[in-house]
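1. Here you go, sequence then predicted model.
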2 protein chains.
Amino acid sequence: MSSKSEEVPFGRRGTGKPTINDVARLSGVSKKTVSRVINRSPLLNDETRRRVLEVISDLGYVPNPQARALALRTNFLIGLIHDNPNAQMVLNVQQGILEALQGTDFEMIVRPVDRGSAAMLDDVRHFLERQRLYGVILLPPISENDALARLCDEVGCRYVRMGSAELDDPDHMVASNDREAVRGATAYLIEQGHRSIGLIAGPHGFRSATERRQGFEDALAEAKIKLPRSLIAEGNYTFASGLAAAEKLLDLSPRPTAIFASNDEMGAAVVHAARQRGIDVPEQLSVIGFDDTPISAHIWPPLTTVRWPIVSMARSAALKLLVSVGGAEAEADVSEPSMFLSTLVKRASVTPPKT
Amino acid sequence: MSSKSEEVPFGRRGTGKPTINDVARLSGVSKKTVSRVINRSPLLNDETRRRVLEVISDLGYVPNPQARALALRTNFLIGLIHDNPNAQMVLNVQQGILEALQGTDFEMIVRPVDRGSAAMLDDVRHFLERQRLYGVILLPPISENDALARLCDEVGCRYVRMGSAELDDPDHMVASNDREAVRGATAYLIEQGHRSIGLIAGPHGFRSATERRQGFEDALAEAKIKLPRSLIAEGNYTFASGLAAAEKLLDLSPRPTAIFASNDEMGAAVVHAARQRGIDVPEQLSVIGFDDTPISAHIWPPLTTVRWPIVSMARSAALKLLVSVGGAEAEADVSEPSMFLSTLVKRASVTPPKT
DNA sequence: TATCATCTGGAAACCGGTGTCATATACGAA
DNA sequence: TTCGTATATGACACCGGTTTCCAGATGATA
């Protein structure tokens, strides 16, 4: 004994857990039958099923996910691939996914990626090929990358993209109607009497940015309001970039009486910049954000914003992936919705302009 | 063909990937030898190793993690168990863990739990037993639950607890010196001339709350300042609870000239409540928060706060779990640090009192 | 040169499930 | 009574690695 082993000991640990063989032996059936019970095969004798279930329950038997993963050539993990800098949004998405996974055997694995990196696609490919995930959910903005979606197809990994507009066929997509929502929010500002409205757009090349900008322009066009280019500033969804953009707009003269920011971080930055300049919000400047993340309710004044149903979208995305599982449950073939509507949340940051 | 299969088709998908057998055949050695190469066994002929590595590289062979997990009786997943409501903090922890896992074969799996639920421990036990995680990281506040740590021991799962004070032996713990940090922050307020300082404490029963409160009391005691109970209000780390607590303190008369909030959310709430009452921060009220989450820099005025090195702590926690892996690397036995120091970040929310 | 310890590498079992296919029983029809 | 035919179950190989155990090769020592 204690003969020095050839190999490094690594992670070995004994496990005293009951296996499918134990269950089979004790209930006097074969492994395969136990497997059938576990997988809810419809071809079983009720009496047999009952007996096996009883033994399973007595033993506290739990099937080994690793063994299943090996045999089925896919594990029970849903991956979340994202490069989103907004913590609240990422966490909301995680929450939505986990809600969907609740009660199933699936778990969630998180994988941030670096859009900037040239090796990004290779990294993801390596990741997907190694892990043999059941499926992945792509969070914007990286979800807008078509090459990534193609890659998933290529390696045979199910995927659902979350987005601000249609990106793909509904089976692979969950989206919100950003354009229409922003149109509505902007129209609200116009209703209130604003005519000089600034836009802090999202970064160039982002679908969400384009959609929101178009919604903004739609509303102005409807009201036949001209939009000088100077009233559009670009940010990249961070507070800091929003600050810079806000400063540009607030230094204009005449100054816009309202600003629509393409997300709450940048909206909060507008409020911040205004305060630094002694401009009162909302008395002298109305502000609307987008997302309805907690920050919008926590700053003063609380931000009027567009509520983006991100948790529901994420839940739906995860459920889309799981469809075709469930087997026996046959949870009706009510397919998950693919399009979600955003709504305007009116808070204190908007009033009619003084003029 | 198309004979209706007995079983549900489930997740099967063909995989055309090279296996260890292919590698063995092509390089003219046995599976075991390939396995030795992969696991960096020191007992190999260099020539053999070279040849095998070449074939591996040619084939683009990647070992199947599911098969390894089955054989080794542990997978390559690190779990993050948390019940923390602060998105930024959870994400920071995820970031730290992922930094540590970078370049290894490990992935991170996230598991939020509900402290309130009576079934919490059973849920976690089930989760750990099923998944056979390599190890888990426990985030506060749930990390302070000793029963949870015992449970990990019991099911044979490595764990590291993150905390605000020593919770356990250093092998299972990464902590910060909250008490001393808060003492310093409070001393700073006292230096500035404040004598009537309010505290918004964390929720009763939380270690972090106790530590921070004690640090606060330490500083006052050192300066021989009496602390009436009315100057202490309790929140539960959320913005809303901070608002209620702040209102209580701000309605006092005489009103405190400074408030220490046990986290940034509640600190931001103090600023918010002050503004609602027309109290100027920092002219009429100084505020200090804790954590240095982004919100502290984004509100106006930016919050002086205690920087909690949460990313480093999380990274260190993950590295602690991975110790004993690495095998050949033998990355020196420099053990990961267990205690981290928090530092005061001075921003605009503190000035000497006017009086 | 004979002997023994040390390397090196292979065959086969194993981890714990699943698929395929064959078989045994039950039952209705010819 | 004799066949299908459907239902219920089992034997066995397989997923892709790791480990045990053993044997041949090598080199040092007597």
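-> Yep, it's here.

2. ok, now which ones touch A:Asn75?
-> Shown in contact with A:Asn75 (CB atoms under 8 Å, 6 or more residues apart in numbering or on different chains): A:65, A:69, A:131-134, B:66. Glycine gets a C-beta too; all of them are placed from N, C-alpha and C.

3. just checking, which of those residues belong to helices?
-> Assigned to helices by DSSP state H, the following of these qualify: A:65, A:69, A:131, B:66.

4. Contacts only, for the most centrally placed residue in chain A.
-> By CA atoms, centre = their mean, chain A has its centre lying nearest to A:Val93, at 4.0 Å. Contact analysis of A:Val93 by CB under 8 Å, 6+ apart lists A:80, A:82, A:137, A:139, A:162, A:310-311, A:313-314.

5. any idea how far the helix or strand where it lies is from the chain center?
-> Applying DSSP states H and E as the criterion places A:Val93 in helix A:87-101. Using CA atoms, centre = their mean, to the nearest Å, the mean C-alpha position of helix A:87-101 is found 7 Å from that of the whole chain.

6. next one: stretch A:204-221
-> Between the centre of stretch A:204-221 and the centre of its chain there are 21 Å (CA atoms, centre = their mean).

7. Quick one: residues contacting A:Ala147.
-> A:Ala147 sits next to A:Leu121 when contact means CB under 8 Å, 6+ apart.

8. Just the buried ones out of the contacts of A:Asn75, please.
-> Applying 16 or more other CB atoms under 10 Å in any protein chain shown to the contacts of A:Asn75, the neighbour count classes A:65, A:69, A:131-134, B:66 as buried.

9. Quick check: closest non-adjacent residue to A:Arg51.
-> Leaving aside its chain neighbours, A:Arg51 sits nearest to A:Ser27 (5.2 Å; criterion: CB to CB, 6 or more residues apart in numbering or on different chains).

10. now do A:Glu54
-> Nearest one to A:Glu54, counting by CB to CB, 6+ apart, is A:Ser27 at 7.6 Å.

11. ok, and which of the buried ones among the contacts of A:Asn75 reach DNA strand C?
-> Among those, proximity to DNA strand C is found for none (CB under 7 Å from any atom of the strand).

12. And the pLDDT at A:Ala114?
-> Not Ala; residue A:114 is Asp. In this model, A:Asp114 is scored at 88, pLDDT.

13. meant to ask about A:Gln284, not that
-> 97.

14. What average pLDDT does the one helix or strand A:Met266 maps to get?
-> Secondary structure assignment for A:Met266, by DSSP H and E: helix A:264-276. In this model, helix A:264-276 has an average pLDDT of 93.

15. Of the contacts of A:Val93, which belong to strands?
-> Counting by DSSP state E, these place A:80, A:82, A:137, A:162 in strands.

16. surely A:Phe76 meets A:Arg132?
-> No - A:Phe76 sits out of contact with A:Arg132 when judged by CB atoms under 8 Å, with a separation of 10.4 Å.

17. Quick check: neighbours shared by these two?
-> Contact with both A:Phe76 and A:Arg132 is made by residues A:Ala69, according to CB under 8 Å, 6+ apart.

18. picking that back up, I'd like the buried ones among the contacts of A:Asn75 written out as a markdown table, with pLDDT and distance to DNA strand D added.
-> Formatted as a markdown table, those follow (pLDDT from 0 to 100; distance: CB to the nearest atom of the strand, whole Å):
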| residue | pLDDT | distance to DNA strand D |
| --- | --- | --- |
| A:Pro65 | 93 | 13 |
| A:Ala69 | 93 | 9 |
| A:Gln131 | 88 | 13 |
| A:Arg132 | 88 | 9 |
| A:Leu133 | 92 | 16 |
| A:Tyr134 | 93 | 16 |
| B:Gln66 | 92 | 7 |
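
19. Just give me the closest of the residues you listed to B:Arg111.
-> Of all the buried ones among the contacts of A:Asn75, A:Pro65 has the smallest distance to B:Arg111: 14.3 Å, by CB to CB.

20. how much space is there between that closest one and B:Phe127?
-> 11 Å (CB to CB, to the nearest Å).

21. interface residues of the stretch 201-350 of chain A facing DNA strand D?
-> Counting by CB under 7 Å from any atom of the strand, no residue of the stretch 201-350 of chain A is near DNA strand D.

22. list the contacts for the residue nearest to A:Glu54?
-> Shown in contact with A:Ser27 (CB under 8 Å, 6+ apart): A:34, A:51-52, A:54-55.

23. Recalculate using a threshold of 10 Å.
-> When contacts are counted by CB atoms under 10 Å, 6 or more residues apart in numbering or on different chains, A:Ser27 touches A:33-34, A:37, A:48, A:50-56, A:58-59.

24. And A:Ser335, by the same measure?
-> When contacts are counted by CB under 10 Å, 6+ apart, A:Ser335 is found next to A:170-171, A:316, A:319-320, A:323.

25. Kindly confirm my reading that it forms part of a strand.
-> No - checked against DSSP: H, G, I helix; E, B strand; the rest coil, A:Ser335 lies outside a strand; its state is coil.

26. I'd like to know how many residues surround A:Asp122.
-> A:Asp122 has 11 neighbours, counted by other CB atoms under 10 Å in any protein chain shown.

27. That one should be in a strand, yeah?
-> No - the assignment for A:Asp122 (three-state DSSP) gives helix, which keeps it out of a strand.

28. From DNA strand C, how far out is it?
-> 30 Å (CB to the nearest atom of the strand, to the nearest Å).

29. which residues touch A:Val155?
-> By CB under 10 Å, 6+ apart, the contact list for A:Val155 reads A:124-129, A:132-133, B:15.

30. Please apply the same query to A:Asp291.
-> So A:Asp291 contacts A:86, A:88-89, A:92, A:237, A:261-267, A:303, A:305-308, A:310, A:342 (CB under 10 Å, 6+ apart).
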